[in-house]
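> Next one to model:
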Amino acid sequence: MTACFHYDLSIPTRVIFGTDQIKNISNVVTEDNLSIITTPGFSKRGLTKQIVNLLRGKNILIVDSIESNPTLEFLEIIAQKVSAGNPSAILAIGGGSALDSGKVIAKCVSAPEGWSLAEHFREGVPIHSRSPLPLYTIPTTSGTGAEVTPFATVWDAKNNKKYSLTTPDMFPTVAIVDPLLTLGMPEELTISTGLDAISQALESIWNKSCNSITLAWAISSLQLSLPSLALTISDPDNIELRCNMSQASLLAGMAISHTRTALAHSMSYPLTSHYGLPHGIACSFMLPALIDFNKNVDHFPLKHTANALGYQNIDQLKDEIVKLLKEINLKIYFRKYIDDFNKTMIHIPDMITPNRSGNNIRDAGIDDISTILTNTITRYNYL
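This is a model prediction of the structure:
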């Protein structure tokens with residue numbers, strides 16, 4: 001059985017993948033006046049200095065204060081600081097938060113005078129049409145896929161909301177994916193980002209915008225991530241496993257850059273906003289129940305995925321994901337942030353974000369989300 005999809009794809013980001021590819025960065029970055037957007041940890045480990053040394057001769061402003069889930073107000077302050085240096089390009093180095101921050105800053109710096117990120121999100125002021133600065137993304141985690149997507153997450157701590165800044169011109173210019181940079185990731189971060197890659201791949205499959213290209217990327221991603229994540233936890237210095245996870249992240253990112261994510265991500269946002277539950281855990285703990293929810297309306301992609309991964313049916317794929325969630329001890333990391341699962345039920349009304357939940361192949365309402373959460377805790381023994 002085959003399926004005929006309609007699609008209209010653009011893949012503008014140049015991708016450079018491989019171990020030690022960061023050493024060739026001076027041959028890739030052509031601009032002379034740069035701003036590096038990164039995290040305190042990246043600088044403490046000496047990696048920011050390493051990048052600066054590789055880019056010797058260029059004028060570089062370092063902003064290494066990016067934390068997880070950066071807020072709207074914080075990003076506006078950083079954008080003003082970067083803009084004062086009149087950069088010609090942005091280098092974003094780190095995990096999803098750093099890469100998303102780089103996208104936001106690249107767009108804000110190019111904005112006309114008077115345009116405000118806060119007014120855009122809170123008051124509905126249209127996003128400006130000017131192209132962002134050239135953006136180079138260098139991921140140091142393997143899961144978000146942010147190095148190749150055209151959208152960036154912005155958190156509103158004041159209103160406990162999550163926004164997405166998105167325009168077609170926000171695709172990064174170049175992504176340099178060097179798996180060596182993921183060595184040394186803490187276990188929880190490896191788990192969370194790895195689960196994010198798995199969730200994104202699955203979300204692009206049970207998606208109204210799924211097509212044959214994104215489906216191929218998602219299946220290839222899962223072929224790498226599903227057998228590699230647990231092994232990476234037990235053997236964190238294994239560069240082959242880290243390569244697998246970096247490629248899985250990249251492929252899942254390419255898939256969602258065209259389909260966007262769906263119901264799992266929509267359900268995750270209030271749990272991250274209210275409890276600090278890491279994004280990858282927040283959007284993956286309900287995956288088996290979501291497979292149950294979606295499988296009866298999925299006429300091709302999910303069944304094809306299960307078969308391509310070597311399973312006879314969708315339930316066998318679901319069982320493999322349940323097995324993985326048990327093997328990586330998801331319960332420990334989930335309960336670290338949410339000690340009582342019933343707390344998730346409080347936020348059901350906020351778990352429907354139309355521009356995410358609306359992408360799901362099966363429409364979901366409040367009662368459906370309640371059932372998905374209930375089934376998560378009653379049918380499976382991993383939380």
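> quick one: pLDDT of Pro87?
Model confidence at Pro87, given as pLDDT, is 97.
> gap between it and Ser97?
Distance, Pro87 to Ser97, using C-beta to C-beta, to the nearest Å: 20 Å. Quick note: C-beta positions are derived from backbone N, CA and C, even for glycine.
> Could you do Tyr7 as well?
Separation of Tyr7 from Ser97 (C-beta to C-beta): 30 Å.
> Just want to know which of those two has more residues nearby.
Neighbours were counted for Tyr7 and for Ser97 using other C-beta atoms under 10 Å; Ser97 has more, 22 against 12.
> Residue ranges in this protein under the pLDDT threshold?
1-4 (pLDDT under 70).
> quick one, longest helix in it?
The longest helix of the chain (DSSP state H) is helix 212-234.
> Tell me the gap between it and the middle of its chain.
Here helix 212-234 is found 14 Å from its chain centre; the criterion is C-alpha atoms, centre = their mean, to the nearest Å.
> One more: stretch 185-204?
Relative to its chain's centre, stretch 185-204 lies at 8 Å (C-alpha atoms, centre = their mean).
> next one: stretch 328-344
Here stretch 328-344 is found 21 Å from its chain centre; the criterion is C-alpha atoms, centre = their mean.
> tell me what the longest helix of the chain is packed against?
Contacts defined by 3 or more C-beta pairs under 8 Å, 6 or more residues apart in numbering; DSSP states H and E place helix 212-234 against helix 187-205, helix 239-259, helix 301-308, helix 314-327.
> if we go to 6 Å?
Applying 3 or more C-beta pairs under 6 Å, 6 or more residues apart in numbering; DSSP states H and E, one finds that helix 212-234 contacts helix 187-205, helix 239-259, helix 301-308.
> That helix versus helix 239-259: what angle between them?
150 degrees (axes from the mean of the first three to the mean of the last three C-alpha atoms, to 10 degrees).
> Now do helix 212-234 against helix 187-205, angle only.
Helix 212-234 and helix 187-205 are oriented at 160 degrees to each other (the same axes, to 10 degrees).
> Name the residues that touch helix 212-234?
Contacts to helix 212-234, defined as C-beta atoms under 6 Å, 6 or more residues apart in numbering, come from residues 5, 9, 194, 197-198, 201, 204-205, 241, 244-245, 247-248, 251-252, 254-255, 258-259, 301, 305, 308, 327-328.
> Please point out which parts of stretch 210-227 sit buried.
210-211, 214-215, 217-226 (16 or more other C-beta atoms under 10 Å).
> closest to Val15 among the residues you listed?
Nearest to Val15 out of the buried residues of stretch 210-227 is Trp217 (C-beta to C-beta; 12.1 Å).
> Can you tell me how far the closest one is from Thr144?
15 Å.
> circling back to that earlier point, using TSV, please lay out the buried residues of stretch 210-227 together with distance to Val104.
Formatted as TSV, the buried residues of stretch 210-227 follow (distance: C-beta to C-beta, whole Å):
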residue	distance to Val104
Cys210	28
Asn211	28
Thr214	25
Leu215	30
Trp217	25
Ala218	26
Ile219	31
Ser220	29
Ser221	25
Leu222	29
Gln223	33
Leu224	29
Ser225	27
Leu226	32
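> Tell me which two in those residues are the farthest apart.
The largest separation in the buried residues of stretch 210-227, counting by C-beta to C-beta, is between Asn211 and Leu226 at 21.9 Å.
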